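> structure for this input, please:
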Amino acid sequence: MFILAAETEHNPLIPAPAELIFGTISFAIVLLLVGWKLVPQIQKTLAERTDAIEGGLKRAEEAQREAQATLANYQAQLAEARTEAARLREKAREEGAQIVAEMREQAQAEARRIVEAAQATIEAERQQALQQLRTEVGALSVELAGRVVGEALTDQATQSRVVDRFLAELEDRTRAQEPA
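You can find the predicted model right below:
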């Protein structure tokens, strides 16, 4: 009875054979449709995503390499620019020193020229003063000699000899008195 009762009662855990066959066929059809249509599409999408990720990584690595190369290039250019700037500063210093030396040389030359011109002027004025002094001393000595001698020295040659002799004696005394 128990078996009979079990046959007449429907067990909810065990499906009916018709449902089992229909469910199995339906599952196989759905499985075939998913395997035929959906799996290739999913694999294609996964492959595209994999390629995109791997390509993105490769592109990122390539971009990083390019960035490093660009950075190295910029650093080299910066070092070159610094070297060039240092060279230009050194050149400017040298040119400045050269200009200062030239200006100093020009100033010294100008100073020498001014000193020489002043010395020439002084010498000319000294010669003029000496000549004027000779003339005045000559006139005074002629007058004095005339008074001492008691006669007038009117002859120009005589006056000139007397003056020259007087001045020569005067210069000799002056030299003798100067300390050596």
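> list the residues that contact the residue nearest the centre of the chain.
Centroid check for the chain by Cα atoms, centre = their mean gives residue 85 as the closest residue, at 3.4 Å. Residues near residue 85 by Cβ atoms under 8 Å, 6 or more residues apart in numbering: none. Placement of C-beta: from N, CA and C, glycine included.
> same check on residue 21?
Residue 21 neighbours (Cβ under 8 Å, 6+ apart): none.
> pLDDT below threshold where in the protein?
1-8, 145-155, 159, 180 (pLDDT under 70).
> that one: helices as residue ranges?
Using DSSP state H, the helices assigned to the chain run over residues 2-8, 17-33, 39-149, 156-177.
> against residue 75, how distant is the residue nearest to the centre of the chain?
According to Cβ to Cβ, to the nearest Å, residue 85 stands 15 Å off from residue 75.
> likewise for residue 111?
Taking Cβ to Cβ, one finds residue 111 at 53 Å from residue 75.
> just residue 47 next, same as before
Separation of residue 47 from residue 75 (Cβ to Cβ): 41 Å.
> same thing with residue 64?
16 Å.
> then residue 24?
71 Å.
> then residue 87?
For residue 87, the distance to residue 75 - Cβ to Cβ - is 18 Å.
> again with residue 60
Distance, residue 60 to residue 75, using Cβ to Cβ: 22 Å.
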